[in-house]
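In: sequence and predicted structure, then a few things I'm wondering about:
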Amino acid sequence: MEKNELLVLGEAVNTLSTVEVTKELIESGDFTPAYEQLKAAIDELTELKKSLDGKIRDTIAPLYENDGTTTLSDNVCNYTLVAATTSLSVDTAKLKREFPDIYKACVKTSQRAASLRVTKKSGEDNA
């Protein structure tokens, strides 16, 4: 991400962090460009973080194999390689199919909080 892109992102963050979101603002169309810009920047930064995490793992892994080193540090952060593990899980589709009575006895209902889903409209000019 270039310096000027970070400045634009900073402006979008400042704008969005102080704005009062109202029905009128959303419907005016003035809100969406900054919001979309923020989402795009988050996506780009997420990909950058994944790439850097992979490079850090690739740096530490040979050290672990050679001498058991799992952590590299500076004065701010520790970068620790966590070894691969296995976990157990239940194949709920198979359980429901092959043992429906047990599935019914063990299934539980949970309430989920309301959430916001934002989707891009298709078929419209979103430039």
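Out: That came through fine.

In: just the element for Ser87, please.
Out: Under the criterion DSSP states H and E, no helix or strand holds Ser87.

In: give me the neighbour count for it.
Out: 4 (other CB atoms under 10 Å). Yep, even glycine has a C-beta here, placed from its N, CA and C like the rest.

In: with Ala12 instead?
Out: Ala12, neighbours per other CB under 10 Å, totals 19.

In: repeat that for Lys39.
Out: Around Lys39 there are 13 residues (other CB under 10 Å).

In: residue boundaries of the helices in this structure?
Out: 3-18, 23-28, 31-67, 92-98, 100-106 (DSSP state H).

In: to Val76, which of the ones you listed lies closest?
Out: helix 31-67 (14.0 Å; CB to CB).

In: what residues sit buried inside that closest one?
Out: Neighbour counts using 16 or more other CB atoms under 10 Å place 31, 34-35, 37-38, 41, 60 of helix 31-67 among the buried residues.

In: with pLDDT and distance to Val82 added, can I get these in TSV?
Out: As requested, those are exported to TSV (pLDDT from 0 to 100; distance: CB to CB, whole Å):
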residue	pLDDT	distance to Val82
Phe31	85	40
Ala34	80	37
Tyr35	84	35
Gln37	82	34
Leu38	82	31
Ala41	84	28
Ile60	90	10
